[in-house]
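Enquirer: Next one to model:
(one chain, ligands or ions: 1)
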Amino acid sequence: MTARPDILVAGGGLAGAAAALALARSGREVLLLEREAVAQDKVCGEFLSGEAAAALSRLGLDVVGLGGQVIEHVRLWRGRRGASAPLPFPAFGLSRRVLDEAVLARAVEAGAQLRRGCAVRRISAGLVETEAQSFAPRTLLLATGKHETRGLKRPAPLGTLVAFKTYFRLAPAEHALLSSHVDLILFPGGYAGLLPVEGGRANFCMVLDHSMLRRLGGWPEVLAYVQESCPHLAARLRGAVALRAAPLCIARMPYGFVHRCASGDPAGYYRLGDQAAVIHSFTGDGMAIALHSAALAARCIGAGEGADIFHRRLGQQVGAQIRRAGWMYRALSLPLLGAISFSAMAQFPMGIEFLAAQTRLRTGGRWESSPPRA
Ligand SMILES: Cc1cc2nc3c(=O)[nH]c(=O)nc-3n(C[C@H](O)[C@H](O)[C@H](O)COP(=O)(O)OP(=O)(O)OC[C@H]3O[C@@H](n4cnc5c(N)ncnc54)[C@H](O)[C@@H]3O)c2cc1C
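Expert: As a prediction, this is how the structure comes out:
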């Protein structure tokens, strides 16, 4: 039999869970379907920017109480050269396993109905199909992340980058040196980030061009290559214990994609988070965009505004930021231009702050600020 929920949210990551929470709080009947039966690690650098932290605070989540580690500085590395600058906003390191579960739990407390271990298999002709049941929702929020759903594909560019993520327990002296910092490492063919998260762990997340991965072979070779390219990282990881047997890995991220409302989606279909817009990961602002899209969709639905208005508004708010991030990535990855830009940033750390500010979500003219720290 086909169920007819008022609002169906497909995908219980940050975007889906935050939207379900906001809509349930406003008294709407929400059914949330999440593919994973239990909490999982996700491929993510787990850098919560000031805007993301502010959005979570507005939802009533206490990032520090969840174990978020305060991050105040960014250190950029290219080969043997380093440059450091204060972040233009306080940020946090917090695992997605903890964060996403906390938002999901809040959504359930607010009255959203959550079905776990329930994957949407196909969406077509107004029907959302899972293994066990079909749904014909009045409103669908598609929040299934980067990859496509059968029947509702996006014209998204499929990139050539591959992403890896794992955790390390660093040697105590190295852990102390990493404290309150995010290290961003640029190397030929990609970039990597290292930052502290809860539980005394360090998140190591990186992207690499697929052609380079083919050349190198596998994960041990990739990790060795990044350390050879950046002696600072090699020093940081000396004596570190890998906390996962193998890293998580995803490929073909559609960086730069911004959904346009003229794409032919049925009326009443709102795409959230990475389904709506995908920013380059080095900016650490994907979660802020996901949370912002959720809040905006909840406001539009509450005001009776259609998906076309939502997507137009979201595109206007995040399009320029996402384009700038793409240009920056291309510039930094070109050998000569990258070297010149890096030298300039090493001499004038304000340049790093300026670039960080260019890739922030701005909804009111400035980037949004972090909540006060506990
Ligand atoms: C390498 C890398 C590093 C990154 N680092 C950062 C960072 O440091 N800081 C930052 O802010 N952003 C970062 N991002 C971006 C950030 O991870 C995403 O923008 C964010 O996770 C988007 O949230 P989402 O809810 O749209 O998608 P997701 O977090 O991917 O959630 C999608 C959810 O949908 C579920 N799902 C999928 N398919 C189905 C289905 N068919 N049926 C039901 N459920 C389904 C999944 O299980 C998942 O829970 C990074 C991205 C990458 C690739």
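
Enquirer: pLDDT score assigned to whichever residue of the stretch 201-350 of the chain sits closest to the ligand?
Expert: Nearest residue of the stretch 201-350 of the chain to the ligand (CB to the nearest ligand atom) works out as residue 273 at 2.0 Å. Where C-beta positions appear, they are placed from N, C-alpha and C, glycine not excepted. Confidence at residue 273, expressed as pLDDT, is 98.

Enquirer: Which residues are in contact with it?
Expert: 11, 13-16, 143, 145, 286, 289-290, 293-294 (CB atoms under 8 Å, 6 or more residues apart in numbering).

Enquirer: now do 10 Å
Expert: By CB atoms under 10 Å, 6 or more residues apart in numbering, the contact set of residue 273 is 11, 13-16, 18-19, 141-146, 286-287, 289-294, 297.

Enquirer: which parts of stretch 118-136 are buried?
Expert: For stretch 118-136, the neighbour count (16 or more other CB atoms under 10 Å) marks 118, 120, 123, 128-130, 135 as buried.

Enquirer: Which members of these are the farthest-apart pair?
Expert: Longest distance between any two of those is 13.9 Å, between 118 and 123; criterion CB to CB.

Enquirer: Overlap of the contact sets of these two?
Expert: Counting by CB under 10 Å, 6+ apart, the residues touching both residue 118 and residue 123 are residue 10.

Enquirer: give me the number of residues near the residue lying closest to residue 138 once chain neighbours are set aside?
Expert: Excluding its sequence neighbours, the residue lying closest to residue 138 (CB to CB, 6 or more residues apart in numbering) is residue 6, at 5.5 Å. Neighbours of residue 6 under the rule other CB atoms under 10 Å: 13.

Enquirer: ok, now residue 195?
Expert: Count around residue 195 with other CB under 10 Å applied: 27.

Enquirer: And it, how close does it get to residue 360?
Expert: 17 Å (CB to CB, to the nearest Å).

Enquirer: got it, and residue 121?
Expert: Remark: distance between residue 121 and residue 360 (CB to CB) = 37 Å.

Enquirer: now residue 239
Expert: 35 Å.

Enquirer: which of the two has more neighbours?
Expert: Applying other CB under 10 Å to residue 239 and residue 360 shows that residue 360 carries more neighbours, namely 20 against 13.

Enquirer: these two touch, right, that one and residue 317?
Expert: No: with contact defined as CB atoms under 10 Å, residue 360 and residue 317 do not form a contacting pair (11.6 Å).

Enquirer: contacting residues around residue 213?
Expert: When contacts are counted by CB under 10 Å, 6+ apart, residue 213 touches 160-162, 164, 189-190, 219, 221-222, 225, 249, 251.

Enquirer: Just the buried residues of these.
Expert: Among these, those buried by neighbour count (16+ other CB under 10 Å) are 161-162, 164, 189-190, 222, 225.

Enquirer: right, and out of those, which lies closest to residue 43?
Expert: Checking these one by one against residue 43 (CB to CB), the nearest turns out to be residue 164, at 7.5 Å.

Enquirer: beta partners of the closest one?
Expert: As for beta bridges, residue 164 partners with residue 206, residue 249 under DSSP bridges.

Enquirer: Surely it is in contact with residue 242?
Expert: No: counting by CB under 10 Å, no contact exists between residue 164 and residue 242, whose distance comes to 11.8 Å.

Enquirer: Return every residue with contacts to both of the two.
Expert: Common contacts of residue 164 and residue 242 (CB under 10 Å, 6+ apart): 204, 219, 223.
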